[in-house]
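K.L.:
The following block contains a protein sequence and its predicted model.
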Amino acid sequence: MYFVVLTELGTVVSEGGKVVKSFAFEQPAADFVKAKSGQYDHDDLISFLRDINSGFLLNDDSFLKTLKKESLDVHHMDEKQMDEIQATKPQLLIDAGFAKNESDAMAKLRDFALQLSSARVTEVSQSPDLHIGQSIKALDEMDVMINGLSSRLREWYGLHFPELDNIIDSINGYAQIVMAGKRDELSTKVYEDAGFPESKVQMLSVIQEKSKGGEISKENLAMVQSIANQILEMAKMRKKIEDHIETEMNTIAPNVAAILGTAVGARIIAKAGSLKKMATLPASTIQVLGAEKALFRSLKTGTQPPKHGILFQHPLVHAAPRWQRGKMARAIASKAAIASRVDVYGAGLNQTLLEKLNVRVSEIGEKYKEAPERPPQPQIMERRRDDFRRRDDFRSREGKTHNSFRPRQSFRSSDDRPRDSFRSSGDRPRDSFRSSGDRPRDSFRSSVDRPRDSFRSREDRPRDGFRPRENFRSREDRPQGEFRQKEGFRPREDRPRDGFKSRGDSRPRDGYRPRGESGSGGPRREFRGDGNKRKKFGRKKF
């Protein structure tokens, strides 16, 4: 049994572990990719295998399909044989003559990997559907710039001709009028060249004479005309990009363009990433492309999911009634998913898809003519605190027991309750009750009846230790000789300082004993905390 091994540097034919024949690649990376895709020319190899006329074992599926078309007896290797070939690949490359030694083989495999990565990047970059995505994004950005400049142009030129803004809605028409010059220089020919009908031309001529706008200088008019010129140039460029997108879509994805239209189809391809990625998406995903925020918001809050995303720009969906848009978007998305797969793996325009879509659209229009009644929207209740308790602590309302709870069967209204023990205020005994007039007042005396014998006014009080103001002298006027110091008092200068100790010295205090001398506790532990804590706790034990 012969083994045919497809390697990174060429094809090797071996028998019993010995190389019989080898076919090297001129450009390893490019030829290897072609061999994997079935596009490589294997005429020399096929003629050699036919001369042998025996069974062959191959290690590659695509290579196996290519040789089967040539009516050769080929089979696929098992996993054990493929693992052995992969483990001994450097030695196989040396035996086939693709490399001189093992280091040379590893260097060539590394170069092959780099070339293959570059080839893959080049292949992806030159994909035409990526250029379609860039074109549609450039078209959208150009619309944003044109709208921004047009609003600035209307405000600026509106200072000179304010009535023109309310009459003309077209951006190109307004820019063409601005390019004609001042208000007095406008004529009916300018309006006709801008593409306005005769009725609007007459209206503009009348309003032009009665305009209340101010004058504009030549410098300001030149700046306004430059903005108008930029708008007209960008409008021409936008038209070219739009025609380019239409041409590319009809060439690369004709079925998607037929189902979705060129603009909507290009936007969905750009949103999906490429035409191949769109072909792998289901119809439900294509339907909501562009509405990702609304979709995840519905999943988070429980509201209704979106019915359409970019597909809302499709004419059939946009023009349909509200209650038919979801069904229209679903039908279009299902046909678009099939159309993308036909464009990737097939060829040509398939008219059957468009016909079936038109039939489904007509069915939806006939079946759902009237708007159905909307079901009531469920209210989103906020979770209460009780919902977050543990499940084992949860008890239903029937199972709850309350000591102060009274069942409704034994509930009686206030009218049915017995009133035997109830007495009104008129029936209560009043024997022990006495009014304020009947209370004895013997011990009560008013302020008028109180004796005033011991009361003396301020003037009558004895003032023995009082010195009148006439004899009052200030501290400066007092004689210093009368001042007597306390006994034993000595001024600070005369005090002996022999036994003076600073605060840091350990001097014994009255009633203080070190901890080592007493039997309660050992040496005091040093406190190294904050000074405020020292003040707070004092000499307490920490």
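P.N.:
Happy to help now that I have it. Numbers count the residues shown, from 1 in each chain.

K.L.:
residue boundaries of the helices in the stretch 201-350 of the chain?
P.N.:
Ranges of helices in the stretch 201-350 of the chain, per DSSP state H, counting those that start in this stretch, are 218-252, 254-260, 262-272, 275-280, 283-287, 292-301, 315-319, 325-345.

K.L.:
right, and these - which one's nearest residue 117?
P.N.:
Of all those, it is helix 275-280 that lies closest to residue 117, at 19.2 Å by CB to CB. (Each C-beta comes from the backbone N, C-alpha and C, glycine too.)

K.L.:
Any buried residues in the closest one, and which?
P.N.:
The neighbour-count criterion (16 or more other CB atoms under 10 Å) identifies 275-276, 278-279 as the buried residues of helix 275-280.

K.L.:
could these be laid out in JSON lines, adding pLDDT and distance to residue 245?
P.N.:
Output for the buried residues of helix 275-280, formatted as JSON lines (pLDDT from 0 to 100; distance: CB to CB, whole Å):
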{"residue": "275", "pLDDT": "92", "distance to residue 245": "14"}
{"residue": "276", "pLDDT": "91", "distance to residue 245": "19"}
{"residue": "278", "pLDDT": "93", "distance to residue 245": "16"}
{"residue": "279", "pLDDT": "93", "distance to residue 245": "20"}
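
K.L.:
I'd like to know which of those residues is nearest to residue 300.
P.N.:
residue 278 (26.7 Å).

K.L.:
ok, and the closest non-adjacent residue to that closest one?
P.N.:
Nearest in space to residue 278, with sequence neighbours left out and distances taken as CB to CB, 6 or more residues apart in numbering, is residue 272 at 3.9 Å.

K.L.:
roughly how far apart are the one you found and residue 283?
P.N.:
Distance, residue 272 to residue 283, using CB to CB, to the nearest Å: 13 Å.

K.L.:
the more surrounded of these two?
P.N.:
residue 272 (20 against 16; other CB atoms under 10 Å).

K.L.:
and the more buried one, what is it in contact with?
P.N.:
278, 281, 286, 289 (CB atoms under 8 Å, 6 or more residues apart in numbering).

K.L.:
do you know how far the third one is from residue 272?
P.N.:
Yep, that's residue 286 we're talking about. 8 Å.

K.L.:
Please apply the same query to the second one.
P.N.:
From residue 281 across to residue 272, the span is 6 Å (CB to CB).

K.L.:
now the last one
P.N.:
As defined by CB to CB, residue 289 lies at a distance of 7 Å from residue 272.

K.L.:
Looks like residue 323 contacts residue 371 (just checking).
P.N.:
Yes: counting by CB atoms under 8 Å, residue 371 is a contact partner of residue 323 at 4.8 Å.

K.L.:
And these two? Which one has more around it.
P.N.:
Using other CB under 10 Å, the more surrounded residue of residue 323 and residue 371 is residue 323, with 13 against 10.

K.L.:
what pLDDT does that one get?
P.N.:
Residue 323 carries a pLDDT value of 90.

K.L.:
And for residue 294?
P.N.:
Value listed for residue 294 in the pLDDT field: 90.

K.L.:
Next: residue 72.
P.N.:
On the pLDDT scale, residue 72 gets 82.

K.L.:
what's the helix or strand for it?
P.N.:
Following DSSP states H and E, one finds residue 72 outside all helices and strands.

K.L.:
Next, the contact list for it, please.
P.N.:
Applying CB under 8 Å, 6+ apart, the residues contacting residue 72 are 46, 49-50, 56.

K.L.:
what's the domain layout of the protein?
P.N.:
2-125, 130-241, 253-367 (automatic domain parsing).

K.L.:
what's the closest residue to residue 266 other than its chain neighbours sitting at in phi/psi?
P.N.:
Leaving aside its chain neighbours, residue 266 sits nearest to residue 136 (4.2 Å; criterion: CB to CB, 6+ apart). Phi and psi for residue 136, reported as degrees, to the nearest 10, are phi -70, psi -30.

K.L.:
measure residue 136 to residue 95 for me?
P.N.:
54 Å.

K.L.:
Compare these two (neighbour count), which wins?
P.N.:
Each of residue 136 and residue 95 has its neighbours counted (other CB under 10 Å); residue 136 has more, 24 against 16.

K.L.:
That one contacts residue 264, doesn't it?
P.N.:
No: if you go by CB under 8 Å, residue 136 and residue 264 don't touch, sitting 9.7 Å apart.

K.L.:
my read: residue 279 touches residue 341, true?
P.N.:
Yes: under the criterion of CB under 8 Å, residue 279 makes contact with residue 341 at 4.6 Å.

K.L.:
Please state the mean pLDDT value computed over stretch 60-69.
P.N.:
On average, stretch 60-69 scores 82.

K.L.:
ditto for stretch 114-124
P.N.:
86.

K.L.:
And the contacts of it?
P.N.:
Against stretch 114-124 from outside (CB under 8 Å, 6+ apart): 28-30, 32-33, 130.

K.L.:
cutoff 6 Å now
P.N.:
residue 29 (CB atoms under 6 Å, 6 or more residues apart in numbering).

K.L.:
Show me what counts as buried in it.
P.N.:
115-116.

K.L.:
same check, this time on stretch 57-64
P.N.:
57-60, 63-64.

K.L.:
Quick one: end-to-end distance for that stretch.
P.N.:
9 Å (CA to CA, to the nearest Å).

K.L.:
cool, and stretch 161-175?
P.N.:
With CA to CA as the measure, stretch 161-175 spans 13 Å from end to end.

K.L.:
Please identify the buried residues of it?
P.N.:
So stretch 161-175, judged by 16+ other CB under 10 Å, has buried residues 161, 163-164, 168, 171-175.

K.L.:
Show me which pair in those is furthest apart.
P.N.:
The widest separation within these (CB to CB) is 19.1 Å, between 163 and 172.

K.L.:
Spit out the contact partners of residue 331.
P.N.:
Contacts of residue 331 (CB under 6 Å, 6+ apart): residue 360.

K.L.:
Low-confidence stretches in this protein?
P.N.:
Judged by pLDDT under 70, the chain has its weakly predicted residues at 375-542.

K.L.:
For this protein, which segments count as strands?
P.N.:
2-6, 10-15, 18-24, 56-58, 74-76 (DSSP state E).

K.L.:
Let's have these in JSON lines, adding distance to residue 231.
P.N.:
Formatted as JSON lines, the strands of the chain follow (distance: least, CB to CB, whole Å):
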{"stretch": "strand 2-6", "distance to residue 231": "59"}
{"stretch": "strand 10-15", "distance to residue 231": "61"}
{"stretch": "strand 18-24", "distance to residue 231": "61"}
{"stretch": "strand 56-58", "distance to residue 231": "64"}
{"stretch": "strand 74-76", "distance to residue 231": "64"}
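
K.L.:
For residue 253, which of those is the nearest?
P.N.:
strand 2-6 (33.3 Å).

K.L.:
which outside residues touch that closest one?
P.N.:
For strand 2-6, using CB under 6 Å, 6+ apart, the contacting residues are 12-15, 54, 56-60, 63, 85.

K.L.:
Sheet partners, orientation included, of that strand?
P.N.:
Sheet pairing of strand 2-6 (DSSP bridges) gives strand 10-15 (antiparallel), strand 56-58 (parallel).
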